[in-house]
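[1] make a model of this:
(2 chains)
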Number of protein chains: 2
Amino acid sequence: MTLSTPTAPAPRPLYLDCDTGIDDSLALGYLLASPEVDLVGIGSVSGNIDAAQGAVNTLDLLALAGRDDVPVAVGAAAPLVGPFHGGAPHVHGRNGVGDVVLPPSGRTPAPETAPELLLRLSHEHAGELRVVAVGPLTNLALALRADPTLPSRVRDVTIMGGAGLHPGNVSPVAEANIAGDPEAAAAVLGADWDVTLVPLDVTMVNVLEESDRKTLLESGTALAPWLGELLDLYFAFYVTTFGRRCSALHDPLAAAIAVGGVTPTVAPRVHVEVDVSQGPGRGQTLCDLRGLYAGHPDQAGARCRVVLATDRPLAPHLVERLLRL
Amino acid sequence: MTLSTPTAPAPRPLYLDCDTGIDDSLALGYLLASPEVDLVGIGSVSGNIDAAQGAVNTLDLLALAGRDDVPVAVGAAAPLVGPFHGGAPHVHGRNGVGDVVLPPSGRTPAPETAPELLLRLSHEHAGELRVVAVGPLTNLALALRADPTLPSRVRDVTIMGGAGLHPGNVSPVAEANIAGDPEAAAAVLGADWDVTLVPLDVTMVNVLEESDRKTLLESGTALAPWLGELLDLYFAFYVTTFGRRCSALHDPLAAAIAVGGVTPTVAPRVHVEVDVSQGPGRGQTLCDLRGLYAGHPDQAGARCRVVLATDRPLAPHLVERLLRL
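    Predicted coordinates for the structure are as follows:
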């Protein structure tokens, strides 16, 4: 007779597409600290910051976490249509990481592009690969364009982006990631894969407070104090939104939902159309939430799950995990 | 020495623009039953039903209430741009009043058009006239076009229309009255008057139940039982929305807010843009509600008050007033 010992399930392969970015840094830290995940590759995209700088930031953060094994590929410099407008330095700083100078990793990005990395990983982990996208969806759209069979090899896609019933953040109705490349978002939401959309409805009601930031700053671990430093500028930006120093938790909430650390409780599968017009609604995710008054039933034929509520606040769970790094 | 007796304030002159319509009938009844109001004129517009039939319905309801003194003018047969698409017979019946045959009033509409009536009344009651619009805004836009000084003579405008944070009803984001004539709505919301927008956010959470309908049916008064009859078809339509026979209270809520019977408790003055593009958001009211997280402060320079919450449920107050008729 042998004693059985409980064994954790094998970590699942996950590709992260990001525009690092302060809340991207939190999402990255969360994924690195999560035993459920094997972070097999990261692509950068122009969004909060240009894709090249986003890759540098990502490499620097990985080095701080002792994870120089994770490949980082530079992705699209500009959206599918039109130029890149330079990101959001008033939110994320001129370097994307709150104008904090991170210790340089010394590493260079992978020789492939982010869409190439995603496609390669989709073959290496066919049927198992999870995709988490927390920036504009340009890389995913380019990968779909290069190989329309990609969805058949991807387990699921979790996207931070859009707004269901809450206001937008870059316009009254549009959220920054979707507005950053509406045509790409339309292509990604139109493809045949299992998508979970994590919109402002839930990311804006999950807030990190100054006390949480202090906990990170004082942790004495390798990465967490740096994350606390990055958050300084981000907290200052959010004073105009919340009336106090704090921050919404956009990207880490998508990561936590993908990992299962936070579970959606209201998340109907509904038709979602991206406004790619030149009208005032450009970049809006038009989620058909007219089922509101009947308890949000799923819609026949809809693939995209729109998260409107979750089972618990992210902040304590996020901080607990970040303190592992 | 004389005994002072409390005297009610003089009734205020009010012009109603409507597309009668089942919930329009409730709004009309509410206004006729309200001592705060002197209903000095009514214009019809194509919306729930064509403008000509809407005027007939309005005249018939006025006759039942013994109010043949109120002038009714036929308004615009079609929106500013494009054809009238035939209304909503699946909601309001083929005749606009739930396919109920009302006793004919024997009256004919006024010889002037609805925009002409509105302009005339704005002179006769300059500075005092209230406008309540519960259909597409074509007549108001035509009156503004004919005389851009109209707003200077109007006390305020209360509009049933649009959606702030709630879903639309004729598209995921657009509400029927605004979608019925987006160009007119843009003109009306762009004019220099004090507008209160009563959107689906509040009209969909004010619901009339079968027990209320029974009360109207059994009242034995002149008009209320007829209103109970009209509501039969409307209640059947709303089963698909609410999962039970009942109805939203769109138009009567706008009337009650204009009269003061119901008071807005959350109603920020914010910039509102109407989507007049041909994109998927056409007809949406893009209300800038990004102040949500800071308690909905007013925006500098914004004229339009968007009602998001009210002080009490409309249904009991509405039923109480309708039983007077």
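[2] can you list contacts of stretch A:24-35?
    A:8, A:11, A:14, A:16, A:18, A:20, A:37, A:39, A:42, A:48, A:54, A:57-58, A:61-62, A:65, A:67, A:97, A:132, A:134-135, A:160, A:208, A:223-224, A:227, A:230, A:249, A:251-252, A:254-256, A:259, A:261, A:318, A:321-322, A:324-325 (C-beta atoms under 8 Å, 6 or more residues apart in numbering or on different chains). In this view, the C-beta of every residue, glycine as well, is placed from N, C-alpha and C.
[3] next one: stretch A:316-325
    For stretch A:316-325, the surrounding residues in contact (C-beta under 8 Å, 6+ apart) are A:26, A:29-30, A:32-34, A:65, A:208, A:212, A:215-216, A:219, A:221-224, A:227, A:249, A:252, A:256, A:261-262.
[4] with stretch A:199-206 instead?
    The contact list for stretch A:199-206, computed with C-beta under 8 Å, 6+ apart, reads A:160-169, A:175, A:248-250, A:253-254, A:285, A:287, A:306-310, A:313-315, B:293.
[5] and the residue of the stretch 1-150 of chain A nearest chain B?
    Nearest residue of the stretch 1-150 of chain A to chain B, counting by C-beta to the nearest C-beta: A:Val91, 14.2 Å away.
[6] spatially nearest residue to the residue nearest the centre of chain A, not counting backbone neighbours?
    By C-alpha atoms, centre = their mean, the mean C-alpha position of chain A lies nearest to A:Val134, the distance being 2.3 Å. The shortest distance from A:Val134 to any non-neighbouring residue, by C-beta to C-beta, 6 or more residues apart in numbering or on different chains, is to A:Asp251 (3.9 Å).
[7] can you check the pLDDT for the one you found?
    A:Asp251 is assigned 98 on the pLDDT scale.
[8] cool, A:Ala8 as well?
    74.
[9] which residues touch it?
    Contacts of A:Ala8 (C-beta under 8 Å, 6+ apart): A:Pro35.
[10] and A:Ser152, by the same measure?
    A:Asp192.
[11] now A:Glu210
    Residues near A:Glu210 by C-beta under 8 Å, 6+ apart: A:Phe235, A:Arg245, A:Cys246.
[12] of the residues you listed, which is the nearest to chain B?
    Nearest to chain B among the contacts of A:Glu210 is A:Cys246, at 10.0 Å by C-beta to the nearest C-beta.
[13] give the other helices and strands that the helix or strand where A:Leu253 lies contacts.
    Per DSSP states H and E, A:Leu253 falls inside helix A:250-259. In terms of contact count using 3 or more C-beta pairs under 8 Å, 6 or more residues apart in numbering or on different chains; DSSP states H and E, helix A:250-259 is assigned the packing partners strand A:12-18, helix A:22-32, strand A:129-133, strand A:154-160, strand A:195-198, helix A:200-203, helix A:314-322.
[14] can you convert these into CSV and add a column each for mean pLDDT, mean neighbour count and distance to B:Leu197?
    Formatted as CSV, the helices and strands packed on helix A:250-259 follow (pLDDT from 0 to 100; neighbours: other C-beta atoms under 10 Å in any protein chain shown; distance: least, C-beta to C-beta, whole Å):
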stretch, mean pLDDT, mean neighbour count, distance to B:Leu197
strand A:12-18, 98, 26, 39
helix A:22-32, 98, 28, 34
strand A:129-133, 98, 26, 36
strand A:154-160, 98, 24, 31
strand A:195-198, 98, 26, 28
helix A:200-203, 98, 25, 22
helix A:314-322, 98, 20, 34
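[15] mind putting the ones you listed in a markdown table, distance to A:Glu112 included?
    As requested, the helices and strands packed on helix A:250-259 are exported to a markdown table (distance: least, C-beta to C-beta, whole Å):
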| stretch | distance to A:Glu112 |
| --- | --- |
| strand A:12-18 | 13 |
| helix A:22-32 | 20 |
| strand A:129-133 | 16 |
| strand A:154-160 | 18 |
| strand A:195-198 | 24 |
| helix A:200-203 | 30 |
| helix A:314-322 | 29 |
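[16] before we move on, back to that, okay, the contacts of A:Glu210 in CSV with secondary structure next?
    Below are these laid out as CSV (DSSP: H, G, I helix; E, B strand; the rest coil):
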residue, secondary structure
A:Phe235, helix
A:Arg245, coil
A:Cys246, strand
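[17] I'd say A:Val70 and A:Leu39 touch.
    Yes: counting by C-beta atoms under 8 Å, A:Leu39 is a contact partner of A:Val70 at 5.4 Å.
[18] now the terminal residues of stretch A:305-324, how far apart.
    Using C-alpha to C-alpha, to the nearest Å, the end-to-end distance of stretch A:305-324 comes out at 31 Å.
[19] quick one: check stretch A:224-239 for contact with chain B.
    No: on the criterion C-beta under 8 Å from any C-beta of the partner chain, stretch A:224-239 is out of touch with chain B, staying 8.9 Å away.
[20] just the buried residues of that stretch, please?
    By neighbour count on 16 or more other C-beta atoms under 10 Å in any protein chain shown, the buried set for stretch A:224-239 is A:224, A:226-235, A:237-238.
[21] same thing with stretch A:69-84?
    Buried, per 16+ other C-beta under 10 Å, within stretch A:69-84: A:Val70, A:Pro71, A:Val72, A:Ala73, A:Val74, A:Gly75, A:Ala76, A:Ala78, A:Pro79, A:Leu80, A:Phe84.
[22] do stretch A:204-220 as well
    Judged by neighbour count (16+ other C-beta under 10 Å), stretch A:204-220 contains these buried residues: A:Met204, A:Val205, A:Asn206, A:Val207, A:Leu208, A:Asp212, A:Arg213, A:Thr215, A:Leu216, A:Leu217, A:Ser219.
[23] possible to save the residues you listed as a markdown table with secondary structure, distance to B:Gly180 and pLDDT?
    Formatted as a markdown table, the buried residues of stretch A:204-220 follow (DSSP: H, G, I helix; E, B strand; the rest coil; distance: C-beta to C-beta, whole Å; pLDDT from 0 to 100):
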| residue | secondary structure | distance to B:Gly180 | pLDDT |
| --- | --- | --- | --- |
| A:Met204 | coil | 32 | 98 |
| A:Val205 | coil | 34 | 98 |
| A:Asn206 | coil | 38 | 98 |
| A:Val207 | strand | 40 | 98 |
| A:Leu208 | strand | 44 | 98 |
| A:Asp212 | helix | 49 | 98 |
| A:Arg213 | helix | 50 | 98 |
| A:Thr215 | helix | 54 | 98 |
| A:Leu216 | helix | 53 | 98 |
| A:Leu217 | helix | 56 | 98 |
| A:Ser219 | coil | 58 | 98 |
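[24] save these as CSV, and put in distance to B:Glu116 too.
    Converted to CSV, the buried residues of stretch A:204-220 look like this (distance: C-beta to C-beta, whole Å):
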residue, distance to B:Glu116
A:Met204, 48
A:Val205, 50
A:Asn206, 55
A:Val207, 55
A:Leu208, 59
A:Asp212, 63
A:Arg213, 64
A:Thr215, 69
A:Leu216, 68
A:Leu217, 70
A:Ser219, 74
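[25] A:Ala236 should be in a helix, yeah?
    Yes: assignment of A:Ala236 by three-state DSSP places it within a helix.
[26] quick one: contacts for it?
    A:Arg245.
[27] near chain B, which residues of chain A show up?
    Residues of chain A lying close to chain B by C-beta under 8 Å from any C-beta are A:165-169, A:171-173, A:204, A:241-243, A:271, A:273, A:275-282, A:284, A:286-290, A:292-295.
[28] just the helices in chain A please.
    Under the criterion DSSP state H, chain A contains helices at A:22-32, A:51-64, A:89-92, A:114-124, A:138-146, A:176-179, A:182-190, A:200-203, A:210-217, A:224-237, A:239-242, A:250-259, A:314-322.
[29] which one of the ones you listed lies nearest to B:Val188?
    Closest approach to B:Val188 among these (C-beta to C-beta): helix A:176-179, 28.0 Å.
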